[in-house]
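S.K.: Curious how this folds, go ahead:
(4 chains)
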Amino acid sequence: MIQVTAKYFAVFREQAGIEAEVLSTSVETAREFYAEVAILHNFSDPVMNCKVAINDELAGWDSVISEGDEVLFFPPVAGG
Amino acid sequence: MIQVTAKYFAVFREQAGIEAEVLSTSVETAREFYAEVAILHNFSDPVMNCKVAINDELAGWDSVISEGDEVLFFPPVAGG
Amino acid sequence: MSSPVFKIASEPMSITSLNQELRDESAGAYASFEGWVRNLNDSKVVISLEYEAHTAVATSEGEKILVEAIEKFELIAARSFHRIGHLQIGDCAVWVGVSAMHRGPAFEGCRYIIDELKHRLPIWKKEYYLNGNSSWINCQTGNT
Amino acid sequence: MSSPVFKIASEPMSITSLNQELRDESAGAYASFEGWVRNLNDSKVVISLEYEAHTAVATSEGEKILVEAIEKFELIAARSFHRIGHLQIGDCAVWVGVSAMHRGPAFEGCRYIIDELKHRLPIWKKEYYLNGNSSWINCQTGNT
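M.R.: Take a look at the predicted model:
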């Protein structure tokens, strides 16, 4: 198990009711970690509409997450 | 024969050496009138690259010209 | 829809206030184009240039182009001016601004207007070169 | 080529001075886009809206988009900002400005930048409606 910080933005933050939390997980990738937090907080957006950043850098959903990482979950964007 | 004022702009004015002149002509259309002034002043631009206005309104080259008209000869344009 | 305004201007214009005239509560997109006098044309060094226009015909033709663009692209508003007289490198020679609900029509309408202005307005440009020569340019030759 | 600058801005910016930063003696064309807050989205009356961003990621992704556009369209320079915080109807939420030798690349580069910004920046919009409701918007739904 590793300890990872999950951070939530915009509608994810509102749905989760918190900005960030430290979670213990046995998953390997950002995609699997999203599946876990989506169940935890009832997120319904599929990954293809969302983005993930690891330690403030945009990352692919198949990136491996490591002990101590901050994983940022970005719901569908709407700039402009 | 009708009396018509020919007005020249930009490179036409420089080639003709005058801004305007009153000419007597027996032609019927702006196109034929241009052919006459082109010979008179050595204009080499074909009508398809030029424009004509009659009494300050853009007109087609086949417009009929009448006694007292002002016919404006516009060389190839270069706005912007 | 506000009525379109096209101006032949012998002095610099305030683009900031023209931009304000395009505003509308339903406008989500604004696109603009500026033509700047540049220092090279056809690999000759340009030091300044002179624009001449037939003001009455250019103004009515310019307004016609704005109306066409508003109808064709469902723009909310459109404005444009073209400078005449002696301009220096970097001066704004022509400006087009449009507002629309969405960005697609704003870009397309703005592009339509500048393309038509360049081909249809009775405006002529004389370039003055570093070597002391000058030459009338036409839109078949190099151009912005 | 000047280095591109993308900014997440919590206060209004001076577009006039940003325009100046794009100037270059070889630039013949300038194209700009502004996204304005409009009063209707999906037929609901909007009274104001709130933009939230992840500033660090949005800034680096924004700069990446500007660099892509400069290379792809041979732009001379490109700048952009996106506002965050609470905006009112008519406020400028996003601005893109580019300069190029000619107008084709200027229009295409400007369009490329705004299209990419809208899809790639971690920025979120919450609309507040006349009826007291509010809702997070995503770019699959109605948009400028």
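S.K.: just checking, C:M101 touches C:G28?
M.R.: Yes. Using Cβ atoms under 8 Å, C:M101 is in contact with C:G28, at 5.4 Å. Yep, even glycine has a C-beta here, placed from its N, CA and C like the rest.
S.K.: Contact residues of chain C facing chain A?
M.R.: C:R103 (Cβ under 8 Å from any Cβ of the partner chain).
S.K.: how about the helices in chain C?
M.R.: C:15-21, C:55-73, C:103-120 (DSSP state H).
S.K.: Figure out which of the ones you listed is closest to C:L40.
M.R.: Ranking the helices of chain C by proximity to C:L40 (Cβ to Cβ) places helix C:103-120 first, at 18.5 Å.
S.K.: need the residues of chain A near chain C, please.
M.R.: Counting by Cβ under 8 Å from any Cβ, chain A sits next to chain C at A:G80.
S.K.: give me phi/psi at the residue nearest the centre of chain A?
M.R.: In chain A, the centroid-proximal residue (Cα atoms, centre = their mean) is A:F73; its distance is 3.5 Å. Dihedral pair for A:F73: phi -100, psi 120, per degrees, to the nearest 10.
S.K.: Could you pull up the residues touching it?
M.R.: Shown in contact with A:F73 (Cβ atoms under 8 Å, 6 or more residues apart in numbering or on different chains): A:A6, A:K7, A:Y8, A:F9, A:F12, A:Y34, A:V37, A:F43, A:C50, A:V52.
S.K.: go on, A:S63?
M.R.: A:T29, A:A30, A:V52, A:I54.
S.K.: same deal with C:R38?
M.R.: So C:R38 contacts C:V46, C:I89, C:T144, D:E25, D:S26, D:A27, D:G28, D:M101 (Cβ under 8 Å, 6+ apart).
S.K.: Please apply the same query to A:C50.
M.R.: A:Y34, A:F73, A:F74, A:P75, A:P76.
S.K.: So which of those residues sit within helices?
M.R.: A:Y34.
S.K.: which one of the contacts of A:C50 is nearest chain C?
M.R.: A:P76 (18.7 Å; Cβ to the nearest Cβ).
S.K.: hang on, isn't that closest one packed against A:P46?
M.R.: No. Under the contact definition of Cβ under 8 Å, A:P76 does not touch A:P46, with a separation of 9.7 Å.
S.K.: quick one, which of those two is more surrounded?
M.R.: A:P76 (20 against 10; other Cβ atoms under 10 Å in any protein chain shown).
S.K.: leaving aside the residues next to it on the chain, what's closest to the more buried one?
M.R.: Nearest residue to A:P76, sequence neighbours excluded (Cβ to Cβ, 6 or more residues apart in numbering or on different chains): D:N138, at 3.4 Å.
S.K.: What is the burial count for the one you found?
M.R.: 17.
S.K.: contacting residues around it?
M.R.: A:N49, A:P75, A:P76, A:V77, A:A78.
S.K.: quick revisit: take the contacts of A:F73 and keep only those in strands.
M.R.: Mapping the contacts of A:F73 onto strands (DSSP state E) picks out A:A6, A:K7, A:Y8, A:V52.
S.K.: Quick check: the residue nearest to C:P105 when sequence neighbours are not counted vs D:Y112, distance?
M.R.: Spatial nearest neighbour of C:P105, excluding adjacent residues (Cβ to Cβ, 6+ apart): C:F73 at 4.2 Å. Using Cβ to Cβ, to the nearest Å, C:F73 is found at 20 Å from D:Y112.
S.K.: just C:R120 next, same as before
M.R.: 28 Å.
S.K.: Next: A:A20.
M.R.: Using Cβ to Cβ, we find A:A20 at a distance of 34 Å from D:Y112.
S.K.: Can you tell me which of the contacts of D:N138 are classed as buried?
M.R.: A:P75, A:P76, A:V77, A:A78 (16 or more other Cβ atoms under 10 Å in any protein chain shown).
S.K.: Can you report how many residues lie near residue 16?
M.R.: Chain wasn't specified; assuming chain A. 20.
S.K.: Can you look at chain C instead?
M.R.: Neighbours of C:T16 (other Cβ under 10 Å): 11.
S.K.: go on, A:M1?
M.R.: 9.
S.K.: Just list the residues touching it, thanks.
M.R.: A:S24, A:T25, A:S26.
S.K.: Then C:V45?
M.R.: C:N39, C:Y129, C:L130, C:N131.
S.K.: partners of it in the sheet?
M.R.: C:L40 (DSSP bridges).
S.K.: C:G90 touches C:V37, doesn't it?
M.R.: Yes. With contact defined as Cβ under 8 Å, C:G90 and C:V37 form a contacting pair (6.3 Å).
S.K.: how near is the residue nearest to C:P105 to C:G85?
M.R.: Counting by Cβ to Cβ, the gap from C:F73 to C:G85 is 31 Å.
S.K.: Can you pick out the residue with more neighbours from those two?
M.R.: Using other Cβ under 10 Å as the criterion, C:F73 and C:G85 rank with C:F73 on top: 20 against 13.
S.K.: can you tell me which residues contact that one?
M.R.: C:V98, C:A100, C:P105, C:A106, C:E108, C:G109, C:Y112.
S.K.: how about the third one, what does it touch?
M.R.: C:P105 makes contact with C:A29, C:F73, C:E74, C:L75, according to Cβ under 8 Å, 6+ apart.
S.K.: and residue 18, how many neighbours?
M.R.: In the absence of a named chain, this looks at chain A. For A:I18, using other Cβ under 10 Å, the count is 13.
S.K.: Sorry, I should have been clearer: chain C.
M.R.: Neighbours around C:L18, by other Cβ under 10 Å: 18.
S.K.: And the residue nearest the centre of chain C?
M.R.: Note: chain C centre (Cα atoms, centre = their mean) maps to C:V94, 3.2 Å.
S.K.: wait, doesn't that one sit right on C:R79?
M.R.: No. Assessed by Cβ under 8 Å, C:V94 is found out of contact with C:R79, at 11.8 Å.
S.K.: any idea how far C:G28 is from A:E14?
M.R.: Distance of C:G28 to A:E14, computed by Cβ to Cβ: 25 Å.
S.K.: So which of the two has more stuff around it?
M.R.: Each of C:G28 and A:E14 has its neighbours counted (other Cβ under 10 Å); C:G28 has more, 25 against 13.
S.K.: contacting residues around the more buried one?
M.R.: With Cβ under 8 Å, 6+ apart, C:G28 has these contacts: C:A100, C:M101, C:H102, C:R103, D:G35, D:W36, D:V37, D:R38, D:T144.
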